[in-house]
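In: A predicted structure for the sequence below; I have some questions about it.
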Amino acid sequence: MRFSNRAIFTAFAVLAAAAAVSLAILPPGPDTPVSAQKTEPAFRDIDAWINSPPLDLDALHGKVVLVDFWTYSCINCLNTLPYLKAWHQKYKDQGLVVVGVHTPEFGYEKSNANVKAAVEKLQIPYAVAQDNQYATWKAFDNHYWPALYLIDQQGHVVYSHFGEGRYAQTEDRIRQLLAPSRAADS
């Protein structure tokens, strides 16, 4: 079977266009620069807090904060939970605060009763903020589930990762931020 140069060129152009589109929608790399953020991160307009009284990032200065954007019907989010729970358990006494920001993808995920039931069923021990209005999502300029953001003791986002994976790298970054020499430099 022979193909004309025009057919080959057309096929190549279509593939190149598809590649460009797919690259445009891929999330940024695991260490997104802080300067890429358009707004100051904050817990904004939270509908409800589960497992915690309301938290404020300014009040958490001096702690390392891990913010996880998730929703209970996202399989990728559920796959990250064992790591989040382990980090919470392992590092909470060293100054790590894990906050799950539940931002719904679907209407039924806005129900406070559904989110509470999911938190209980999944045995999530850390604070969960219910962000039905996407205000916190927007404050972080987030676009993905799951999305992890590490905030240092001074309140700066210093690391982010989107999707599953990079668990060892994320834990290494947590350890670096919690290191006593780092806190002494503050």
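Out: Right, received. Where do you want to start?
In: all strands of this protein, in order?
Out: 48-50, 64-70, 96-102, 127-130, 147-151, 157-162 (DSSP state E).
In: mind listing the strands the last one pairs with, and their directions?
Out: In the sheet containing strand 157-162, its partner strands are strand 147-151 (antiparallel), by DSSP bridges.
In: also the first one?
Out: According to DSSP bridges, strand 48-50 has the following sheet partners: strand 127-130 (antiparallel).
In: what does the partner strand rub up against?
Out: For strand 127-130, contacts defined as C-beta atoms under 8 Å, 6 or more residues apart in numbering pick out 43, 46-52, 55, 97-102, 112, 115, 119, 136. Placement of C-beta: from N, CA and C, glycine included.
In: can you give me the buried ones in that strand?
Out: By neighbour count with 16 or more other C-beta atoms under 10 Å, strand 127-130 contains the buried residues 127-130.
In: try stretch 80-96
Out: In stretch 80-96, counting by 16+ other C-beta under 10 Å, buried: 80-81, 83-85, 87-88, 91, 95-96.
In: I'd like the mean pLDDT over that stretch, please.
Out: Averaged across stretch 80-96, the pLDDT comes to 98.
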